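*Asks:* Return a 3D structure for these sequence lines:
(one chain, ligands or ions: 2)
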Amino acid sequence: MTATPVEPCTFALFGALGDLALRKLFPALYQLDRAGLLCPDTRLLALARDAGEESRHLATIAEHLRRHVPGAELDEGVLQRFLGRLDYLSMDFLQPGDYAALADRVGAAERLIAYFATAAALYEPICAGLAEVGLAGRARVVLEKPIGHDLASSRKVNDAVARHFPEDRTYRIDHYLGKETVQNLIALRFANSLFETQWNQNHISHVEITVAEQVGIEGRWGYFDKAGQLRDMIQNHLLQLLCLIAMDPPGDLSADSIRDEKVKVLKALAPIDAAQLSQQVVRGQYVAGNILGKSVPGYLEEDNANAQSDTETFVALRAEIRNWRWAGVPFYLRTGKRMPQKLSQIVIHFKAPPHYIFAEEQRPLIGNKLIIRLQPNESIALQVMTKEQGLDKGMQLRSGPLQLNFSDTYRSARIPDAYERLLLEVMKGNQNLFVRKDEIEYAWRWCDRLIAGWRLQGEAPKPYAAGSWGPLSSIALITRDGRSWYGDF
Ligand SMILES: NC(=O)C1=CN([C@@H]2O[C@H](COP(=O)(O)OP(=O)(O)OC[C@H]3O[C@@H](n4cnc5c(N)ncnc54)[C@H](OP(=O)(O)O)[C@@H]3O)[C@@H](O)[C@H]2O)C=CC1
Ligand SMILES: O=C1O[C@H](COP(=O)(O)O)[C@@H](O)[C@H](O)[C@H]1O
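*Replies:* Residues are numbered from 1 along each chain as shown. Ligands and ions are numbered 1, 2, ... in the order given. Model prediction:
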């Protein structure tokens, strides 16, 4: 089937020679071109500080495309067509005088997308520069995370952007919302009455959300050490996942209906105060260890690291949502760097049947689980109880999966990278997969309280060996409730 291209636009990428642009954004744009989704008239403008020959910068972008697009998907014809859409313009985003040249390049193009792949501190001057040359009125802006490092600073950034761009032209990225399986959460929950009728405290005992990363800091120590895992991962990605699991059914699929429901969840999150921290939150920092048989350095030994730092690279916490649907159902969240494997998964644990009739020693087996594997090997599995086969087995129970593995079931379909989906949605003008200002702010409000508690407590993060599943106290966090983290850990 041939794809229908989206309406033409001029896509201006601020920070075009940075890590995100070269590793993720250009490859995603290339994939959209390869899929036939870019109009012939769509133009790409690469904007960065580096002066010098345009051809040298275009060659750098081409080289990164060859490196980051899988070989089987690299089509020389498409690559040349893609490069033909691309111009490079050197500018200093802090220099108001540099925006006139940008306006010249954009010309009379009606639809401008301005993607800010730069530090958030630059969003204000970029917005002002665009406004000064009359480009703000016809642009959509895309903002990368993190937007601020707490509620006050995120408000400052959002307010500065809002002076020039209304909310319906502001697209805040959380790339987890572009992941195929994350979107499937909405289909799974609201296109199957089977689940939705069970989706509450009457039937669910607890929920786990794990986002484990195998990588460490990846040369981003300077940024990461000021942020830490709570700001880098929980404030955005994990809270977004929690919202999609916990929200009420929206009235329709419009961006605001979905976002209204997510905000209600964020508002209902029970604050975790200093007094509750020791029981409900674990912070960790990795020390040297082994991953897949290879020794890896500790956080403080990474490139450009300081000798001393109390920044956490791991967080596990027990959250509660104070509403009718979720009263008494803990949400255990866990995320860390340098863990044994890359694994993002959500496990919904259903309660045991109210009356138990099988052998007592098999009781611990009981309880259905819905396991949503976001990455890698995207799949959805429902663990159900059945009887062991065989004449000699009696009514011996076993737990087995009803499994939907996306790559086996839908063999022909390639799973697109999150950024491909998100860029396409910006081009279509669809805000469903983007985060509204109030979502960001309620998430910060909750995280700020936690961070303030940590400050008051003054405890250093607990060490864990790279290649392990985090500090032992993260296991205690869940075993205290008579449960354990799901998986073969
Ligand atoms: N990299 C990643 O994986 C992720 C990044 N992000 C976010 O994306 C954004 C970009 O990150 P990343 O690509 O890693 O950052 P980089 O520092 O690698 O890239 C930023 C780019 O902006 C350019 N730049 C900075 N200041 C100016 C200026 N005054 N004028 C013109 N160009 C300028 C830099 O040029 P120069 O080299 O000359 O300074 C560089 O090309 C950040 O907000 C980050 O938090 C979010 C999620 C993941
Ligand atoms: O936003 C971020 O996400 C990545 C993890 O993303 P994934 O798609 O690979 O799961 C994380 O490594 C990075 O620190 C963070 O800024």
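*Asks:* who's in contact with the nearest residue to residue 270 once chain neighbours are set aside?
*Replies:* Closest residue to residue 270 apart from its sequence neighbours, by C-beta to C-beta, 6 or more residues apart in numbering: residue 320 at 4.3 Å. C-beta coordinates here come from the backbone N, C-alpha and C atoms, glycine included. Neighbouring residues of residue 320 by C-beta atoms under 8 Å, 6 or more residues apart in numbering: 269, 270, 326, 329, 330, 331.
*Asks:* Kindly report the same for residue 454.
*Replies:* 277, 283.
*Asks:* how would you label it: helix, strand or coil?
*Replies:* Of the three states, residue 454 takes helix under DSSP: H, G, I helix; E, B strand; the rest coil.
*Asks:* before we move on, what about residue 198?
*Replies:* With three-state DSSP as the basis, residue 198 sits in coil.
*Asks:* Tally up the residues packed near it, please.
*Replies:* 15 (other C-beta atoms under 10 Å).
*Asks:* just checking, it touches residue 350?
*Replies:* Yes. When contacts are counted by C-beta atoms under 8 Å, residue 198 is listed as touching residue 350 (6.7 Å).
*Asks:* shared neighbours, those two?
*Replies:* Joint contacts of residue 198 and residue 350 (C-beta under 8 Å, 6+ apart) are residue 204.
*Asks:* Excluding covalently adjacent residues, which one is nearest to the residue in the stretch 201-350 of the chain positioned nearest to ligand 2?
*Replies:* Across the stretch 201-350 of the chain, no residue is closer to ligand 2 than residue 232, which sits at 4.8 Å (C-beta to the nearest ligand atom). Nearest residue to residue 232, sequence neighbours excluded (C-beta to C-beta, 6+ apart): residue 224, at 6.4 Å.
*Asks:* tell me the contacts of that neighbour?
*Replies:* Residues near residue 224 by C-beta under 8 Å, 6+ apart: 217, 232, 311.
*Asks:* can you check residue 421 too?
*Replies:* Contacts of residue 421 (C-beta under 8 Å, 6+ apart): 178, 180, 183, 433.
*Asks:* Now the element after the strand or helix carrying the residue nearest to residue 232, going C-ward?
*Replies:* Residue 224 is located in helix 221-227, with elements delineated by DSSP states H and E. Per DSSP H and E, the first helix or strand lying C-terminal to helix 221-227 is helix 229.
*Asks:* which residues sit against that following helix?
*Replies:* Contacts with helix 229, where a contact means C-beta under 8 Å, 6+ apart, come from 312, 313, 314, 315, 335, 336, 337.
*Asks:* Narrow those to those in helices?
*Replies:* Per DSSP state H, helices hold no members of the contacts of helix 229.
*Asks:* The stretch 1-150 of the chain: helices as residue ranges?
*Replies:* All helices of the stretch 1-150 of the chain, identified by DSSP state H, counting those that start in this stretch, fall at 19-20, 26-34, 54-68, 76-84, 99-106, 123-132.
*Asks:* my bad, the stretch 201-350 of the chain
*Replies:* Using DSSP H, counting those that start in this stretch, the helices of the stretch 201-350 of the chain run over 221-227, 229, 239-246, 255-268, 274-280.
*Asks:* In JSON lines: those, plus mean pLDDT and distance to ligand 2.
*Replies:* Shown next, in JSON lines, are those (pLDDT from 0 to 100; distance: least, C-beta to the nearest ligand atom, whole Å):
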{"stretch": "helix 221-227", "mean pLDDT": "94", "distance to ligand 2": "7"}
{"stretch": "helix 229", "mean pLDDT": "98", "distance to ligand 2": "8"}
{"stretch": "helix 239-246", "mean pLDDT": "98", "distance to ligand 2": "11"}
{"stretch": "helix 255-268", "mean pLDDT": "97", "distance to ligand 2": "18"}
{"stretch": "helix 274-280", "mean pLDDT": "94", "distance to ligand 2": "23"}
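*Asks:* By mean pLDDT, point me to the weakest helix or strand of this structure.
*Replies:* helix 406-409 (a mean of 75; mean pLDDT, DSSP states H and E).
*Asks:* Residues in contact with that helix: which ones?
*Replies:* With contact meaning C-beta under 8 Å, 6+ apart, helix 406-409 is reached by 180, 181, 377, 378, 379, 413, 415.
*Asks:* Filter the residues you listed down to just the ones in helices.
*Replies:* 180, 181.
*Asks:* Spell out which helix or strand contains residue 152, please.
*Replies:* Using DSSP H and E, residue 152 falls in helix 151-162.
*Asks:* For the stretch 101-250 of the chain, give me the ranges with low pLDDT.
*Replies:* Within the stretch 101-250 of the chain, no range satisfies pLDDT under 70.
*Asks:* Nearest to ligand 1: which residue in it?
*Replies:* Of all residues in the stretch 101-250 of the chain, residue 144 sits closest to ligand 1, at 3.6 Å by C-beta to the nearest ligand atom.
*Asks:* now swap in the chain and tell me
*Replies:* For the chain, C-beta to the nearest ligand atom, closest residue to ligand 1: residue 18, 2.1 Å.
*Asks:* so what's that residue closest to, chain neighbours aside?
*Replies:* residue 117 (5.6 Å).
*Asks:* ok, the one you found - contacts?
*Replies:* By C-beta under 8 Å, 6+ apart, the contact set of residue 117 is 13, 14, 15, 16, 18, 20, 21, 25, 144.
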